[in-house]
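*Asks:* coordinates only, no sequence provided:
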């Protein structure tokens, strides 16, 4: 039981961190595009246009890979839960594991 709770806690923390990072990327990219949309472009080698293009690419990639990431994470969580639930059936019950006191 302790092992399962520990895995669930780590999984929740990891999911929160990843979610916060994705949210930060989306908000930062959107904010940067909105602020710099009306900049004075210097031509073909404009650094601001290059940054805007990178932000747009990041937003497109997050939208495109969202389903793949969701499927992968779901599969990993399913395997972890399966292994934890099978652990109960695979462990042998012995007097020591059941904490039986053997008196003479």
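*Replies:* That came in fine, so what should we check first? Since we're looking at a predicted model, the values are computed, not measured. Residues are numbered from 1 along each chain as shown.
*Asks:* all helices of this structure, in order?
*Replies:* In order along the chain, the chain carries the following helices (DSSP state H): 2-35, 47-90.
*Asks:* switch these over to a markdown table; also include mean pLDDT and distance to residue 99.
*Replies:* Every C-beta, even on glycine, is put in place using the N, C-alpha and C of the backbone. Below are these laid out as a markdown table (pLDDT from 0 to 100; distance: least, Cβ to Cβ, whole Å):
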| stretch | mean pLDDT | distance to residue 99 |
| --- | --- | --- |
| helix 2-35 | 78 | 15 |
| helix 47-90 | 78 | 17 |
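*Asks:* can I get those helices in TSV with mean neighbour count and distance to residue 97?
*Replies:* Shown next, in TSV, are those (neighbours: other Cβ atoms under 10 Å; distance: least, Cβ to Cβ, whole Å):
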stretch	mean neighbour count	distance to residue 97
helix 2-35	12	14
helix 47-90	12	12
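*Asks:* which among those helices is found nearest to residue 101?
*Replies:* Taking Cβ to Cβ as the criterion, residue 101 comes closest to helix 2-35 out of those, the separation being 22.1 Å.
*Asks:* the inter-axis angle of the closest one versus helix 47-90?
*Replies:* For helix 2-35 and helix 47-90, the angle between their directions (axes from the mean of the first three to the mean of the last three Cα atoms, to 10 degrees) works out to 170 degrees.
*Asks:* other SSEs contacting helix 2-35?
*Replies:* In terms of contacts (3 or more Cβ pairs under 8 Å, 6 or more residues apart in numbering; DSSP states H and E), helix 2-35 is packed against helix 47-90.
*Asks:* any idea how far the helix it packs on is from the chain center?
*Replies:* Taking Cα atoms, centre = their mean, to the nearest Å, one finds the center of helix 47-90 at 6 Å from the center of the full chain.
*Asks:* tell me what that helix is packed against?
*Replies:* Secondary elements touching helix 47-90 (3+ Cβ pairs under 8 Å, 6+ apart): helix 2-35.
*Asks:* is it possible to export the helices of the chain to TSV including distance to residue 96?
*Replies:* Formatted as TSV, those follow (distance: least, Cβ to Cβ, whole Å):
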stretch	distance to residue 96
helix 2-35	17
helix 47-90	17
